[in-house]
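Student: One predicted model, sequence on top.
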Amino acid sequence: MTGKMLGSPPMSVESLFAMPEVAAWRARLHALLRERAFQEREIVLSSGLRSNFYIDCKQVSLNAEGASLIGKLFCALIEQLAPDAAAVGGLTLGADPLATATSLVSFERGRPRDAFIVRKEPKGHGTGQWIEHTAALRPGAEVVVVEDVVTTGGSMLRAIERVTDAGLQVKLALALVDRAEGGRPVIEARAPLVTLFSRGDFLP
């Protein structure tokens with residue numbers, strides 16, 4: 001799939017997801033997530049909240065096919081919603097394979113966007129920086145922040161704040177799954193959020 005035509009209005013997320021090629025990628029990714037990542041059981045999340053289901057997206061984002069699908073879907077969304085974005089990244093560790101997959105696909109499509117990593121703690125030596133690979137980005141550059149699962153929104157919010165503090169503009173936030181547990185409004189107070197799937201795609 002190619003990006004939008006120069007000068008054409010951006011396509012809505014709903015229209016993009018309805019395109020046969022994109023719909024096929026999304027359906028296959030959903031199948032992989034259900035098969036490899038979804039567990040319906042009692043668990044304590046990293047946020048400290050208890051839940052009756054868990055989605056370990058790394059089981060898919062680190063899978064070759066899964067990474068390819070994520071890269072294609074995220075690139076399609078970025079081309080429509082943040083076409084001037086120069087890079088994509090997020091809080092380590094969940095965002096790392098997502099950013100790498102998206103960066104690789106963008107290069108293959110002739111619209112390369114670098115990946116970056118937001119640390120949980122500043123680098124312990126040298127520059128003491130919070131973000132890896134921002135030196136290649138000009139001040140004020142537009143970027144996209146990614147995450148695997150949105151629960152309370154805390155992880156993505158930290159990434160957005162660090163990126164903003166570094167002098168970059170977050171034009172879009174992308175995630176694989178929204179657990180619908182309060183994170184969306186927290187994130188959308190800082191940047192538009194689009195997720196590939198939501199709680200209803202996994203639970204009745």
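Tutor: Yep, it's here.
Student: Write down the beta-bridge partners of the residue nearest the centre of the chain, one by one.
Tutor: The centre of the chain sits closest to residue 146, judged by CA atoms, centre = their mean, with a distance of 2.6 Å. Beta-bridge partners for residue 146, by DSSP bridges, are residue 174.
Student: Now do residue 73: how many residues are near it, please.
Tutor: 23 (other CB atoms under 10 Å). Every C-beta, even on glycine, is put in place using the N, C-alpha and C of the backbone.
Student: can you confirm residue 98 is in a strand?
Tutor: No. Residue 98: not assigned to a strand; according to DSSP: H, G, I helix; E, B strand; the rest coil it is helix.
Student: which ones are touching the residue nearest to it when sequence neighbours are not counted?
Tutor: Distances taken as CB to CB, 6 or more residues apart in numbering place residue 146 nearest to residue 98, at 4.5 Å, with adjacent residues excluded. Contact analysis of residue 146 by CB atoms under 8 Å, 6 or more residues apart in numbering lists 74, 88-90, 95, 98-99, 102, 173-175.
Student: can you pull out the helices in the protein?
Tutor: 13-18, 20-32, 58-61, 64-81, 96-108, 154-165, 183-188 (DSSP state H).
Student: Generate TSV for the ones you listed, with mean pLDDT and distance to residue 115 as supplementary columns.
Tutor: Shown next, in TSV, are the helices of the chain (pLDDT from 0 to 100; distance: least, CB to CB, whole Å):
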stretch	mean pLDDT	distance to residue 115
helix 13-18	97	22
helix 20-32	98	19
helix 58-61	98	13
helix 64-81	98	11
helix 96-108	98	4
helix 154-165	96	13
helix 183-188	97	20
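Student: and the ones you listed as JSON lines, adding distance to residue 38?
Tutor: Formatted as JSON lines, those follow (distance: least, CB to CB, whole Å):
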{"stretch": "helix 13-18", "distance to residue 38": "20"}
{"stretch": "helix 20-32", "distance to residue 38": "10"}
{"stretch": "helix 58-61", "distance to residue 38": "9"}
{"stretch": "helix 64-81", "distance to residue 38": "13"}
{"stretch": "helix 96-108", "distance to residue 38": "18"}
{"stretch": "helix 154-165", "distance to residue 38": "20"}
{"stretch": "helix 183-188", "distance to residue 38": "18"}
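Student: ok, what's across the strand from residue 43?
Tutor: Going by DSSP bridges, residue 43 forms beta bridges with residue 51.
Student: I figured it hits residue 54, correct?
Tutor: Yes. Look at residue 43 against residue 54 with CB atoms under 8 Å: they come within range, at 4.6 Å.
Student: The two - which one has more neighbours?
Tutor: Using other CB under 10 Å, the more surrounded residue of residue 43 and residue 54 is residue 54, with 16 against 13.
Student: what sits against the more buried one?
Tutor: Applying CB under 8 Å, 6+ apart, we find residue 54 in contact with 38-39, 41, 43, 45.
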